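Student: sequence-free structure coming up:
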């Protein structure tokens, strides 16, 4: 039974969706980031960057326990463990890694800044909000052009899709109308119709 340390955020949902799709047994250990629980010593021992999500797998490599932090690393670990959603073909795996890194380096940090500036005083937020909304919409455009060519990010469903889905889930908070990105909208609806994805979003993380 994998322990998932998470909260109800895009990065937390990436992992609950992946665990459901991979049919790996897990239990949620909520980390209330609104109360600073991510800074407590027990959690820091698992996630030294004091960020959720993190996992502890008692049946890790060589049947020894392992903890993993950073959502991208967790997705890769779970893909390797389950043998699913992480292609063995080197060309396809490279493409999965490209889109996973794209999400982690841009399509997460940029919308995250939108979330931040929407929460600050209006007189202080104008520049930052305009900057990060513009970059977020640019990234939606990149994603839309990719999905005009393929059903999923790398043809077959992969951990890259789970990573990006967690953030597209918050498109309304990004002030993004998916109708402006029809290929993203098609992809998003197809994923959200999957029973395992629905379970991943329904599970209580907070």
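Tutor: Yep, it's here. Everything numeric in this text was worked out from a predicted model, so none of it was measured.

Student: please name every helix or strand in contact with the helix or strand of the chain with the lowest mean pLDDT.
Tutor: Comparing every helix and strand of the chain by mean pLDDT, DSSP states H and E singles out helix 109-118 as the least confident one, with a mean of 89. Contacting helix 109-118 under the criterion 3 or more C-beta pairs under 8 Å, 6 or more residues apart in numbering; DSSP states H and E are the following elements: helix 122-147. (Each C-beta comes from the backbone N, C-alpha and C, glycine too.)

Student: hang on, the earlier thing: could you check the angle the least confident helix or strand of the chain makes with helix 122-147?
Tutor: 150 degrees (axes from the mean of the first three to the mean of the last three C-alpha atoms, to 10 degrees).

Student: what's the distance between the nearest residue to residue 10 once chain neighbours are set aside and residue 72?
Tutor: The spatially closest residue to residue 10, leaving aside those adjacent along the chain, is residue 166, at 3.8 Å (C-beta to C-beta, 6 or more residues apart in numbering). Between residue 166 and residue 72 the distance, using C-beta to C-beta, to the nearest Å, works out to 11 Å.

Student: which residue of the two possesses the greater neighbour count?
Tutor: Summary of the neighbour comparison: residue 166 and residue 72, criterion other C-beta atoms under 10 Å, with residue 166 having more neighbours (26 against 19).

Student: any idea which helix or strand comes after the strand or helix carrying that one?
Tutor: When elements are assigned from DSSP states H and E, residue 166 belongs to helix 159-168. Moving toward the C-terminus from helix 159-168, the first helix or strand encountered (DSSP H and E) is helix 182-192.

Student: contacts for the following helix or strand past that next one, please.
Tutor: Proceeding N to C from helix 182-192, the next assigned helix or strand is helix 195-202, under DSSP H and E. Applying C-beta atoms under 8 Å, 6 or more residues apart in numbering, the contact partners of helix 195-202 are 13, 16-21, 23, 165, 169, 191-192.

Student: just stretch 18-31 next, same as before
Tutor: For stretch 18-31, using C-beta under 8 Å, 6+ apart, the contacting residues are 1-7, 16, 37-38, 43, 52, 55, 74-75, 78-79, 81-82, 84-85, 157, 159, 162, 194, 196-197, 199-200, 203-206.

Student: only the buried subset of these, as a PyMOL command please.
Tutor: Typed into PyMOL, the next command selects the buried ones out of those (criterion: 16 or more other C-beta atoms under 10 Å):
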select buried, resi 2+3+4+5+6+7+16+37+38+43+52+55+74+75+78+79+81+82+84+85+157+159+162+197+200+203+205
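
Student: which of the contacts of stretch 18-31 fall in strands?
Tutor: The members of these that map onto strands under DSSP state E are 2-6, 55.

Student: for the residues you listed, which one is nearest residue 173?
Tutor: Distances from residue 173 to the ones in strands among the contacts of stretch 18-31, taken as C-beta to C-beta, are shortest for residue 6 (18.3 Å).
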